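A.B. asks: Model the structure of this input:
(4 chains)
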Number of protein chains: 2
Amino acid sequence: MASCDTCLVRNRAICAALDNREIAALSAMGRRRSVTAGESLIWEDDDSLLVANVIEGVLKMTTSTADGREQIVGVAYPSDFIGRPFSQTSQTSVVALTDARVCVFSRNDFDRFAREHPELEHKLLERTLAELDRTRAWMMLLGRKTASEKIATFLLDMSDRFGNVGCTTLHVPAQRFTLPFSRQQVADLLGLTIETVSRQFTRLKIDRVIGLPSRREVEVIDRHALTELAG
Amino acid sequence: MASCDTCLVRNRAICAALDNREIAALSAMGRRRSVTAGESLIWEDDDSLLVANVIEGVLKMTTSTADGREQIVGVAYPSDFIGRPFSQTSQTSVVALTDARVCVFSRNDFDRFAREHPELEHKLLERTLAELDRTRAWMMLLGRKTASEKIATFLLDMSDRFGNVGCTTLHVPAQRFTLPFSRQQVADLLGLTIETVSRQFTRLKIDRVIGLPSRREVEVIDRHALTELAG
DNA sequence: TCATCAATTTGATATGGGTCAATGCTGTTG
DNA sequence: CAACAGCATTGACCCATATCAAATTGATGA
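C.D. replies: As a prediction, the model looks like this:
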């Protein structure tokens, strides 16, 4: 695999738990892989064969019903860990939303390596606990929020996610950003239909809460109003 | 604390990762506590001061909006671990649904101990990953299933949960069981109103899919039909 | 420049589940 | 035992969101 020395996420991914000797050992087991937008990396209900770190790009984790309804249950960004370690099967699919690069490992190899490196497992545990917190917050959104609350919460979430770290350590939310999601994908994330998502977006645009320079771009005009709407 | 030797969940809780010397050390840090039905153990947005193992009883994890809407985001049964280790704050409340007994630790003490015992952290990681799987399956239910699908899925879930292990290692789902939830709590779990839950229950009763011997008891009459309805 | 196609938006209508209000149970207490 | 309190059920009605259908936009390439 290409050297971890130049890896974009070397110090943010769970790899940060490892020293140079250890990372060399892990590196020997993995390989880089490019995934084009729309391509699947992991299939629901399949054997859990691989796990990976996201280097670049955005991926969705989804579950589907027999009749084709889909729910996005997680989104992975650079430095995030994907796949299901310590289990025979994966209950979710992983599909690239944008072109992406990942650093993949055979799950068996990874499991063995992780068990021998408690610091790595600790990082994975912290990440998994944080993901569980986010997931639970999203359950509240899915179960108890209205369409306009869902949309407002989603937009604030995106704005924070794509915000920049300024000169200080303070995190500044993005005033303008590009969605990695189509309208249908936003619907699958929020438990709505594409039509409802579209209508809510135009409503916010008419009310001058947001601007929509193009289909994928969002400009936050009235952040305060959004916060109110998010409930 | 009362000895772990006689603990009901000694070999099922994360404690199973520890040998006798280690368990003695952990035991010295913890204490048993009884919680009566309705009593809170952890408060949303409060400092994460304690974590615990459930010994007996059932507890709910919830998040709420400012205006009082509630969503149950998890349910803890005997041998489950509750609380948020490795974080200053807890984003969920934990409230007993039935009278319960738990084995509590100061979070700080527990965090320190866990970092010194990789086997314990490994068990916690496996548990957290499994809980994340369950939570994601529940997101699909909240975002994409209809009321009757939600109810059917819930009843099957309960039936499996309260099923008994027969002479073989096979798990047999319960044909009859007592819900640890009121109708309102079922509603908070499924993202419905109490009225809709009630109507769906009587519908299933009329259709002879289930029987309702009393408010809290359920008898599964036509499991096949339930499975169909669950989607 | 125009044709084509997919994604999105908009419109008309339907409906599942919510809201509000009344009634019925069940278990508890004086 | 009667009175009460707290669930739970039932009924009537309504509305937010889904569904179905058509129009519009924007990108791509012939």
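
A.B. asks: What's the biggest helix in chain A, counting residues?
C.D. replies: Among the segments of chain A that qualify as a helix by DSSP state H, the longest is helix A:118-144.

A.B. asks: That one - contacts with which helices or strands?
C.D. replies: Judged by 3 or more Cβ pairs under 8 Å, 6 or more residues apart in numbering or on different chains; DSSP states H and E, helix A:118-144 is in contact with strand A:70-76, helix A:107-115, helix A:147-161, strand B:59-64, strand B:70-76, helix B:118-144. No exception for glycine: its C-beta is placed from N, CA and C like everyone else's.

A.B. asks: Next, format these as TSV and append distance to DNA strand C and mean pLDDT.
C.D. replies: Formatted as TSV, these follow (distance: least, Cβ to the nearest atom of the strand, whole Å; pLDDT from 0 to 100):
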stretch	distance to DNA strand C	mean pLDDT
strand A:70-76	14	98
helix A:107-115	31	98
helix A:147-161	11	97
strand B:59-64	15	98
strand B:70-76	12	98
helix B:118-144	10	98
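
A.B. asks: Compile those into TSV and extend it with columns for distance to DNA strand D.
C.D. replies: Conversion of these to TSV gives the following (distance: least, Cβ to the nearest atom of the strand, whole Å):
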stretch	distance to DNA strand D
strand A:70-76	12
helix A:107-115	36
helix A:147-161	4
strand B:59-64	14
strand B:70-76	14
helix B:118-144	9
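
A.B. asks: how about the ones you listed in JSON lines, adding mean neighbour count and distance to A:Leu170?
C.D. replies: Output for those, formatted as JSON lines (neighbours: other Cβ atoms under 10 Å in any protein chain shown; distance: least, Cβ to Cβ, whole Å):
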{"stretch": "strand A:70-76", "mean neighbour count": "23", "distance to A:Leu170": "24"}
{"stretch": "helix A:107-115", "mean neighbour count": "18", "distance to A:Leu170": "34"}
{"stretch": "helix A:147-161", "mean neighbour count": "20", "distance to A:Leu170": "12"}
{"stretch": "strand B:59-64", "mean neighbour count": "22", "distance to A:Leu170": "26"}
{"stretch": "strand B:70-76", "mean neighbour count": "23", "distance to A:Leu170": "30"}
{"stretch": "helix B:118-144", "mean neighbour count": "20", "distance to A:Leu170": "30"}
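
A.B. asks: Make TSV from those and add distance to B:Arg101 to it.
C.D. replies: Listed next are the helices and strands packed on helix A:118-144 as TSV, based on distance: least, Cβ to Cβ, whole Å:
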stretch	distance to B:Arg101
strand A:70-76	33
helix A:107-115	32
helix A:147-161	37
strand B:59-64	11
strand B:70-76	12
helix B:118-144	19
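
A.B. asks: Report the helix or strand with the lowest average pLDDT across chain A.
C.D. replies: Least confident element among the helices and strands of chain A, by mean pLDDT, DSSP states H and E: strand A:164-165 (a mean of 70).

A.B. asks: which bits of chain A sit near DNA strand C?
C.D. replies: Those residues of chain A that sit near DNA strand C, judged by Cβ under 7 Å from any atom of the strand, are A:182-184, A:194-195, A:197-199, A:201-202, A:212, A:215-216.

A.B. asks: Do any residues in stretch A:171-182 lie close to DNA strand D?
C.D. replies: No. Stretch A:171-182 does not reach DNA strand D (Cβ under 7 Å from any atom of the strand); its nearest approach is 12.1 Å.

A.B. asks: residues in contact with that stretch?
C.D. replies: The contact list for stretch A:171-182, computed with Cβ atoms under 8 Å, 6 or more residues apart in numbering or on different chains, reads A:58, A:75, A:97-98, A:156, A:158-166, A:186, A:189, A:213, A:216-220, A:223.

A.B. asks: returning to what we had before: going through the residues of chain A next to DNA strand C, which ones are buried?
C.D. replies: Among the residues of chain A next to DNA strand C, those buried by neighbour count (16 or more other Cβ atoms under 10 Å in any protein chain shown) are A:183, A:197, A:201.

A.B. asks: Quick one: closest of the helices and strands packed on helix A:118-144 to B:Leu18.
C.D. replies: Closest to B:Leu18 of the helices and strands packed on helix A:118-144 is helix B:118-144 (Cβ to Cβ; 6.3 Å).

A.B. asks: Now find how far off-centre that closest one is within its chain.
C.D. replies: Once both centres are worked out by Cα atoms, centre = their mean, to the nearest Å, helix B:118-144 turns out to sit 12 Å from its chain's centre.

A.B. asks: Now do it against strand A:70-76, angle only.
C.D. replies: Going by axes from the mean of the first three to the mean of the last three Cα atoms, to 10 degrees, helix B:118-144 is angled at 140 degrees with respect to strand A:70-76.

A.B. asks: returning to that earlier point: now, which of the buried ones among the residues of chain A next to DNA strand C sits nearest B:Thr63?
C.D. replies: Distance ranking of those against B:Thr63, using Cβ to Cβ, places A:Val197 first at 23.5 Å.

A.B. asks: Which residues are in contact with the closest one?
C.D. replies: Listed by Cβ under 8 Å, 6+ apart, the contact set of A:Val197 reads A:151, A:183, A:186-187, A:190.

A.B. asks: Surely A:Arg33 is in contact with A:Asp99?
C.D. replies: No. At 11.8 Å, A:Arg33 and A:Asp99 do not qualify as touching, with contact defined as Cβ atoms under 8 Å.

A.B. asks: Backbone dihedrals for the residue nearest to A:Ser106 when sequence neighbours are not counted, please?
C.D. replies: Counting by Cβ to Cβ, 6 or more residues apart in numbering or on different chains, A:Leu50 is the residue found nearest to A:Ser106 once chain neighbours are left out, at 6.0 Å. Main-chain torsions, A:Leu50, degrees, to the nearest 10: phi -140, psi 160.

A.B. asks: thought A:Leu50 was touching A:Ile42?
C.D. replies: Yes. Between A:Leu50 and A:Ile42 there is a contact under Cβ under 8 Å: 7.0 Å.

A.B. asks: anything in contact with each of those two?
C.D. replies: Shared contacts of A:Leu50 and A:Ile42, defined by Cβ under 8 Å, 6+ apart, comprise A:Gly83.

A.B. asks: domain parsing for chain A?
C.D. replies: According to automatic domain parsing, chain A comprises the domains A:2-134, A:145-229.

A.B. asks: need those in a markdown table with distance to B:Ala137, can you?
C.D. replies: Listed next are the domains of chain A as a markdown table, based on distance: least, Cβ to Cβ, whole Å:
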| stretch | distance to B:Ala137 |
| --- | --- |
| domain A:2-134 | 7 |
| domain A:145-229 | 14 |
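
A.B. asks: ok now the helix or strand where A:Lys205 lies, how far from the chain's centre?
C.D. replies: According to DSSP states H and E, A:Lys205 maps onto helix A:194-206. Centroid separation for helix A:194-206 versus its chain: 23 Å, with Cα atoms, centre = their mean.
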